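Asker: Kindly generate the corresponding structure for this input.
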Amino acid sequence: MVSSSDINPLEDFSALPRFSDIEPSIIKPAVDSLLSNAKSSIDKVVSSSALSWEDTVFPITASVDRLSRAWGQVSHLNAVSSNPELRSIFNEILPSVTEFYTTLSQNKDLYNKLLVLRQSDEYEKLSEEQRKVLENELRDYQLSGVGLDVEKQRDYKELSKELAAQSAKFSDNVLDATDAYQLHVPDEERLSGLSEAHLSDAKDRADKKNLPGWVFNLQAPSWIPFMESCEDRELREEMYRAYVTRASAKGDPAFDNSEQIISILRARSRKAELLGFETFADLSFATKMASGPKDAISLLNELSRKAKPFADKELSELKEYAKERLQISDLKPWDVSYVAQKVKEERYSFKDEDLRPYFPVSKVMGGLFELLHQLYGVSVVEEKVDVWHPDVTFFSVRGPDDETLGFFYADLFARDGKRSGAWMDDAIGRWKRQGSIQKPVAYLVCNFPPISKDASDSYLSHSEVETLFHECGHVMHHLMTRVDEIGVSGINGVEWDAVELPSQFMENFCWDWTVIKEISVGDEGGDHLPEEVFKKMLDAKHFMSGIQTLRQVEFALFDLRVHMEGHIEQIKDVYTILDSVREQVSVLQVPEYNQFPNSFSHIFAGGYAAGYYSYKWAEVLSADVYAMSRDAGLSISQLGRRFLDDILSMGGLRPSAENFQRFRGREPTVDALLASSGLA
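Answerer: Model (predicted):
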């Protein structure tokens with residue numbers, strides 16, 4: 001009998017991933033083996049005359065699931081623990097993995113076999129879940145070029161490999177550019193305004209680099225409070241310039257993403273053209289909840305019209321305050337966060353950093369888990385398993401009968417070699433196979449301030465609390481599914497512009513007083529955040545909401561425009577489009593050296609190409625869903641059970657529009673979002 005320890009860790013699917021055993025040297029043999037096995041499964045299905053689900057879809061799903069789980073572990077480690085050796089092997093293998101998936105999606109023999117299954121009597125024997133998987137598969141084959149001739153299929157494959165390589169390079173450049181920069185300040189007098197906690201973190205950073213004084217970087221826990229609080233205008237400008245020139249020729253040219261941007265846009269445009277779509281945006285919307293780019297643009301234009309008057313007023317107030325109180329006569333982008341915090345502090349008697357001591361991570365996590373219990377009747381229990389970094393924790397999610405529903409890893413703190421931002425990803429999908437359930441597993445990743453050497457906990461800003469709740473919403477979407485077919489369980493098969501609904505739904509509870517009391521501590525041993533402070537937070541909730549809304553609209557419109565216009569030949573064309581979008585919606589002027597697209601990983605290295613609007617689209621849905629508690633007088637538990645039954649548990653089984661209508665009894669409207677954003 002062979003023990004699991006004798007198996008290549010990436011080919012051991014008997015339990016959870018064996019992260020400690022994954023060395024770069026074992027990655028290629030494992031992936032090569034899994035690729036070979038998957039190809040053999042496909043050949044066997046194609047050559048067989050059997051037509052049942054068990055003889056066609058099941059064996060291919062099983063072999064591809066094993067490959068996806070293994071490659072997913074490699075991709076995950078490359079995102080959270082990147083190093084030169086791992087990155088090198090990842091980029092070496094990436095073309096082979098990409099080619100496999102592209103070849104699979106263009107396999108005409110397999111497509112025809114599935115088509116025959118769809119048209120046969122066997123189809124009537126399939127469950128609702130199996131039928132949905134089959135319908136999605138046939139659609140995806142068509143959208144992947146199964147109908148193209150041999151030459152065009154070859155072109156499509158090459159474009160897919162180029163896109164994978166260029167997107168990986170884009171991500172690497174952003175990570176390297178972010179990690180490479182540091183602002184070393186030996187003179188403490190220049191750091192007036194910064195909190196003791198922020199200074200302590202910067203001091204720890206300097207000590208690790210054997211430097212006197214303080215070191216700041218471009219990771220969010222350092223960059224955001226620095227821009228909000230540092231009184232030295234020259235230092236703010238220096239940090240701003242470093243941030244907005246990351247991965248561009250105006251920063252360190254070694255990490256310039258200009259070539260990647262053009263290559264990515266050209267390849268996407270060409271793929272869409274091969275498939276008969278006018279633009280890549282049209283191709284992207286073929287699998288989204290919105291019917292087309294015009295629907296998304298219509299929403300964004302409506303939000304822009306509503307937000308613009310508020311944003312104009314907010315900017316005027318900032319300029320007036322800066323001139324009269326801070327002797328800043330020409331408000332610049334590197335002043336905006338700083339001045340806004342000054343106004344907020346004066347108007348509401350606090351600024352964002354003042355809230356951090358109230359939200360220790362341990363307390364926030366405990367309160368979050370209590371909320372999940374109230375919403376869905378689940379218990380979250382920490383367990384000890386093999387992880388990739390000492391900071392990582394692991395939890396099981398158990399139902400009311402103590403049945404384990406799934407698991408998730410939580411990697412919460414920023415560090416070198418870790419991709420910036422916050423995200424959730426699936427490690428394992430739920431799948432009922434051969435009588436047993438493959439339990440779903442998720443990754444929850446954030447970049448919060450690490451625990452300093454003199455502290456026992458890390459402390460979050462309220463916006464970071466919202467980020468944690470947001471990503472936890474994604475996790476619950478994946479783990480709370482009741483669907484048994486992996487192709488449509490959890491987040492699988494859900495339209496991209498609806499997948500943000502469960503995450504944004506969770507953000508609403510960060511403004512619920514009963515929840516705030518559970519996730520916070522008080523002053524001098526108090527049980528929770530003082531209620532008068534919470535009331536100030538509510539008063540300040542809509543502060544700068546006009547400018548913030550326009551910022552998101554700007555990003556979303558830019559994303560759609562660059563994927564709708566096919567004439568982009570050089571990087572200046574990209575910036576011409578961005579200038580046009582800014583002229584349309586923005587109230588803030590940015591300097592010529594601002595190279596924001598070069599680090600816009602969501603659309604050039606993530607899954608949001610021609611889909612960044614999804615955040616606002618889903619925000620409309622989530623605000624409308626949450627308003628149900630007020631409109632129907634539902635308690636948290638009643639709201640949670642309905643949300644679980646009608647939306648969360650359904651995975652990708654049914655169209656998201658149908659799920660929403662079942663829950664709300666009507667189509668969504670923008671009214672709740674405008675009200676919750678203070679733009680009504």
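Asker: In the stretch 1-150 of the chain, where is pLDDT below threshold?
Answerer: 1-5 (pLDDT under 70).
Asker: show me the contacts for the closest residue to Leu126 other than its chain neighbours.
Answerer: The shortest distance from Leu126 to any residue other than its chain neighbours is 6.0 Å, reached at Trp53 (Cβ to Cβ, 6 or more residues apart in numbering). (Each C-beta comes from the backbone N, C-alpha and C, glycine too.) Trp53 makes contacts with Leu117, Glu122, Lys125, Leu126, Gln130, as judged by Cβ atoms under 8 Å, 6 or more residues apart in numbering.
Asker: now these in JSON lines, with distance to Pro17, secondary structure and neighbour count?
Answerer: Shown next, in JSON lines, are the contacts of Trp53 (distance: Cβ to Cβ, whole Å; DSSP: H, G, I helix; E, B strand; the rest coil; neighbours: other Cβ atoms under 10 Å):
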{"residue": "Leu117", "distance to Pro17": "33", "secondary structure": "helix", "neighbour count": "22"}
{"residue": "Glu122", "distance to Pro17": "36", "secondary structure": "helix", "neighbour count": "16"}
{"residue": "Lys125", "distance to Pro17": "35", "secondary structure": "helix", "neighbour count": "10"}
{"residue": "Leu126", "distance to Pro17": "32", "secondary structure": "coil", "neighbour count": "18"}
{"residue": "Gln130", "distance to Pro17": "28", "secondary structure": "helix", "neighbour count": "19"}
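Asker: and the residues you listed as CSV, adding distance to Ala242?
Answerer: Formatted as CSV, the contacts of Trp53 follow (distance: Cβ to Cβ, whole Å):
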residue, distance to Ala242
Leu117, 56
Glu122, 60
Lys125, 61
Leu126, 56
Gln130, 52
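Asker: which of these lies closest to Leu679?
Answerer: Gln130 (44.1 Å; Cβ to Cβ).
Asker: Next one: that closest one from Val116, what distance?
Answerer: Here Gln130 is placed at a distance of 15 Å from Val116 (Cβ to Cβ, to the nearest Å).
Asker: Please apply the same query to Pro502.
Answerer: Taking Cβ to Cβ, one finds Pro502 at 37 Å from Val116.
Asker: quick one: which of these two has more around it?
Answerer: Pro502 (27 against 13; other Cβ atoms under 10 Å).
Asker: these two touch, right, that one and Glu471?
Answerer: No. Judged on Cβ atoms under 8 Å, Pro502 makes no contact with Glu471 at a distance of 10.6 Å.
Asker: Mutual contacts of those two, please.
Answerer: By Cβ under 8 Å, 6+ apart, no residue touches both Pro502 and Glu471.
Asker: Would you mind measuring from the closest residue to Glu531 other than its chain neighbours to Leu529?
Answerer: Nearest residue to Glu531, sequence neighbours excluded (Cβ to Cβ, 6+ apart): Trp513, at 7.3 Å. According to Cβ to Cβ, Trp513 stands 9 Å off from Leu529.
Asker: Please say which of these two ends up with more neighbours.
Answerer: For Trp513 versus Leu529, neighbours defined as other Cβ under 10 Å are more numerous around Leu529 (22 against 14).
Asker: where exactly do the helices run in the stretch 351-500 of the chain?
Answerer: 361-376, 462-479 (DSSP state H, counting those that start in this stretch).
Asker: so what's Val244 scoring on pLDDT?
Answerer: Predicted confidence (pLDDT) for Val244: 98.
Asker: dump the residue contacts of it.
Answerer: Pro333, Val590, Tyr593, Asn594, Gln595, Phe596.
Asker: Just give me the closest of those residues to Gly406.
Answerer: Ranked by distance to Gly406 (Cβ to Cβ), the contacts of Val244 are led by Phe596 at 36.8 Å.
Asker: So the closest one versus Tyr575, what's the distance?
Answerer: 9 Å.
Asker: What count of nearby residues applies to His474?
Answerer: 26.
Asker: what sits against the closest residue to it other than its chain neighbours?
Answerer: Leaving aside its sequence neighbours, His474 sits nearest to Met424 (Cβ to Cβ, 6+ apart; 3.6 Å). Met424 sits next to Ala442, Tyr443, Leu444, Val445, Glu471, His474, Val475, His478, Ser503 when contact means Cβ under 8 Å, 6+ apart.
Asker: ditto for Gly377
Answerer: Here Gly377 is in contact with Gly399, Pro400, Ser637, Arg641 (Cβ under 8 Å, 6+ apart).
Asker: Now do the phi/psi pair for the third one.
Answerer: Backbone dihedrals for Ser637, given as degrees, to the nearest 10, come out at phi -70, psi -40.
Asker: Does it touch Leu372 like I think?
Answerer: No. Taking contacts as Cβ under 8 Å, Ser637 lies outside contact range of Leu372: 11.3 Å.
Asker: Looking at those two now, which is surrounded by more residues?
Answerer: Leu372 (20 against 13).
Asker: On the pLDDT front, check the closest residue in space to that one that isn't next to it in sequence for me.
Answerer: Nearest residue to Leu372, sequence neighbours excluded (Cβ to Cβ, 6+ apart): Val378, at 5.5 Å. Note on Val378: pLDDT of 98.
Asker: and Val378, what is it in contact with?
Answerer: Under the criterion of Cβ under 8 Å, 6+ apart, the neighbours of Val378 are Leu372, Val397, Arg398, Gly399, Pro400, Leu405, Met480.
Asker: State the number of residues packed around the fifth one.
Answerer: Pointing back at Pro400 there. Pro400 has 10 nearby residues by other Cβ under 10 Å.
Asker: and what of the second one?
Answerer: Val397 is surrounded by 23 other residues when neighbours are defined as other Cβ under 10 Å.
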